[in-house]
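J.: Just need the structure, nothing else, for what follows:
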Amino acid sequence: MRKSKAVRNAVIAVVVAGPLSAAMATNGYFSHGYGMKSKGMGGVGIALPQDAMSAATNPAGMVDVGNRLDFGLDVFMPDRTATYTSAYQGVAAGDYRSGQREFFVPEFGYNRLIGNDMAAGVVVYGNGGMNTNYGTNLITSSGSKTYSNLEQLFIAPTLSKKVGDHSFGVSLNLIRQTFEAKGLEAFDTSSNTTYVGSVTNRGEDISTGWGLKFGWTGQVSPTVTLGAVYQTRSKMTKFDKYKGLFAEEGGFDIPETYGLGVAIKATPKATIAADVTQINYGSIKSLANPGTLFPQVSGTPMGLSNGSGFGWKDMTVFKLGVSYEYSPNVMLRAGYNYAQMPITSQNTYFNILAPATVEQHLTLGATWTLENKSELTLSYMHAFSKSVAGVPNGNGQTVAGYPVDLKMQQNAVGIAYGWRW
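T.: Numbers count the residues shown, from 1 in each chain. Below you'll find the predicted structure:
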């Protein structure tokens, strides 16, 4: 492929992918993996670069994947349910299932070698998000329908360098995130928030920022590769329209993450890979501040630095994947991904907006190499149904808790097409 054509396609992909970024939630609100090959192996990739999307997991791997251009589209299908075990604030007991259950999540990666030991590229992808759309007001008996939508788009120019058996890389994460909420009128009062009028029904708000991701891979033996990655906390501009909802007057930074990985060539045709990744949700006050008690009772109205939040805790993600060369033109994949949900039973009420309860994910995937050396990759993910029971009224706290249970399960089907030259 000629350079001019590749660059032209890269520009087109960036323009197309930007406005199509959609909400997802697998490991908290982060995706379980990036790139269809990685997604088919449980999200592994710190020590196993496979395509031009590798920079989204570990930028060091780009120098090892060669000249590539990859497009992908994931159809993400979450199923979210909030259950009131008894009537509360005028909301009747019963199950309330969120609508809008299909989301289209595009991805794009471009990589080009510079000599034999350097590479430059860019990846465009949805880092994560969350969506709920219940079709009724779940906070009180009146008001608009309860709705929330968070989306995060990353554009990451990347450089990587190979030194002997080691590869090093860095990505500049240029980030745009959007948020919108409706149906929270019951919270938009002077007793519940510091900023009345900046809690709900303000339309879509935009936040921008940047961060860095550093990576390393090293082939420590003919069959074993190790990897490490660190992503800085990304400082984002505030959601000013929702400064009465989020702590720190609309603050919503993207948390620091880091991880280790290993890839083992078990046989000439089989590779086993494993990653462990830490996501520090607990350092982001708008996510981590407890929402155990209703703001007007707890004395921590929304919007302040110590304002009520979602009560999320840090998350450690374990990923395991295997690939097998079934034939010279067919690669099969499978994987498993586990992380304990960030939500506790004392914080279910606020998390009606963000019911990130899933923990176990099973994935499958395959790649077909075509006659022109291009590739067609498919992936499938199923996140098993997981629920968390809220603290019922009369639980012995200073004031009563909230009789809300949350449940979620997910499916995703993805397809990607890659060019090599």
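
J.: residues contacting the residue found closest to Phe246 once you drop the neighbours it is linked to in the chain?
T.: Leaving out its chain neighbours, the residue that sits closest to Phe246 by CB to CB, 6 or more residues apart in numbering is Ser286, at 4.0 Å. (C-beta placed from N, C-alpha, C; glycine too.) By CB atoms under 8 Å, 6 or more residues apart in numbering, the residues touching Ser286 are Phe246, Ala247, Glu248, Gly250, Gly251, Phe252, Gly309, Phe310.

J.: Quickly find the element holding the third one.
T.: With the criterion set as DSSP states H and E, the secondary-structure element containing Glu248 is helix 247-250.

J.: List the contacts of the helix or strand just after that helix.
T.: As assigned by DSSP H and E, the chain's next helix or strand after helix 247-250 is strand 257-265. Outside strand 257-265, the residues that touch it by CB under 8 Å, 6+ apart are 30, 44-48, 58, 222-231, 271-280, 317.

J.: How about strand 257-265, which residues are buried there?
T.: Thr257, Tyr258, Gly259, Gly261, Val262, Ala263, Ile264 (16 or more other CB atoms under 10 Å).

J.: Return the closest of these with respect to Phe76.
T.: Thr257 (20.3 Å; CB to CB).

J.: From Lys313, how far out is that closest one?
T.: Plainly put, Thr257 is 15 Å away from Lys313 if you go by CB to CB, to the nearest Å.

J.: same thing with Asp95?
T.: Distance from Asp95 to Lys313, by CB to CB: 26 Å.

J.: between the two, which one's more packed in?
T.: Lys313 (16 against 10; other CB atoms under 10 Å).

J.: Could I have the CA atoms of stretch 306-322 written out in CSV?
T.: C-alpha atoms of stretch 306-322 as CSV (Å, rounded to 0.1, in the frame of the first residue of the first chain):
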residue,chain,number,x,y,z
ASN,A,306,-16.6,15.8,49.4
GLY,A,307,-20.0,15.7,47.7
SER,A,308,-21.9,12.5,47.5
GLY,A,309,-20.9,10.2,44.6
PHE,A,310,-21.1,6.7,43.3
GLY,A,311,-18.9,5.0,45.9
TRP,A,312,-16.7,3.1,43.4
LYS,A,313,-13.6,1.4,44.6
ASP,A,314,-10.4,0.5,42.8
MET,A,315,-10.5,-2.5,40.4
THR,A,316,-8.0,-5.2,39.6
VAL,A,317,-8.6,-6.9,36.3
PHE,A,318,-7.4,-10.4,35.5
LYS,A,319,-7.2,-11.5,31.9
LEU,A,320,-6.3,-14.8,30.3
GLY,A,321,-6.3,-15.7,26.6
VAL,A,322,-5.2,-18.4,24.2
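
J.: List the buried residues of it.
T.: Going by 16+ other CB under 10 Å, stretch 306-322 has these buried residues: 307-315, 317, 319-322.

J.: same question, stretch 92-103
T.: Under 16+ other CB under 10 Å, the buried positions of stretch 92-103 are Tyr96, Ser98, Gln100, Phe103.

J.: same deal with stretch 158-172?
T.: Thr158, Leu159, Ser160, Lys161, Lys162, Ser167, Phe168, Gly169, Val170, Ser171.

J.: repeat for stretch 187-198
T.: Phe187, Asp188, Asn192, Thr193, Thr194, Tyr195, Ser198.

J.: is it fair to say Asn201 lies in a helix?
T.: No - under DSSP: H, G, I helix; E, B strand; the rest coil, Asn201 falls outside any helix and is assigned coil.

J.: And it, how far from Val317?
T.: 35 Å.

J.: Asp117 and Lys162: what is the separation?
T.: 4 Å.

J.: picking up where we left off before, take the buried residues of stretch 306-322 and keep only those in strands.
T.: Met315, Val317, Lys319, Leu320, Gly321, Val322 (DSSP state E).

J.: Now do the helices in the stretch 151-300 of the chain.
T.: 247-250, 285-288, 295-298 (DSSP state H, counting those that start in this stretch).

J.: can you list contacts of the first one?
T.: Outside of helix 247-250, the residues within contact range by CB under 8 Å, 6+ apart are 195, 198, 205, 238-243, 285-286, 289, 302-309.

J.: try 6 Å this time
T.: Residues outside helix 247-250 that contact it (CB atoms under 6 Å, 6 or more residues apart in numbering) are Lys238, Phe239, Asp240, Tyr242, Lys243, Lys285, Ser286, Asn289, Gly303, Ser305, Gly307, Gly309.

J.: Out of these, give me the two with the largest separation.
T.: Counting by CB to CB, the most remote pair of those is Asp240 and Asn289, 19.0 Å apart.

J.: Comparing the two, which shows the higher neighbour count?
T.: Asn289 (25 against 14).

J.: so what's that one up against?
T.: Neighbouring residues of Asn289 by CB under 6 Å, 6+ apart: Ala247, Gly309.
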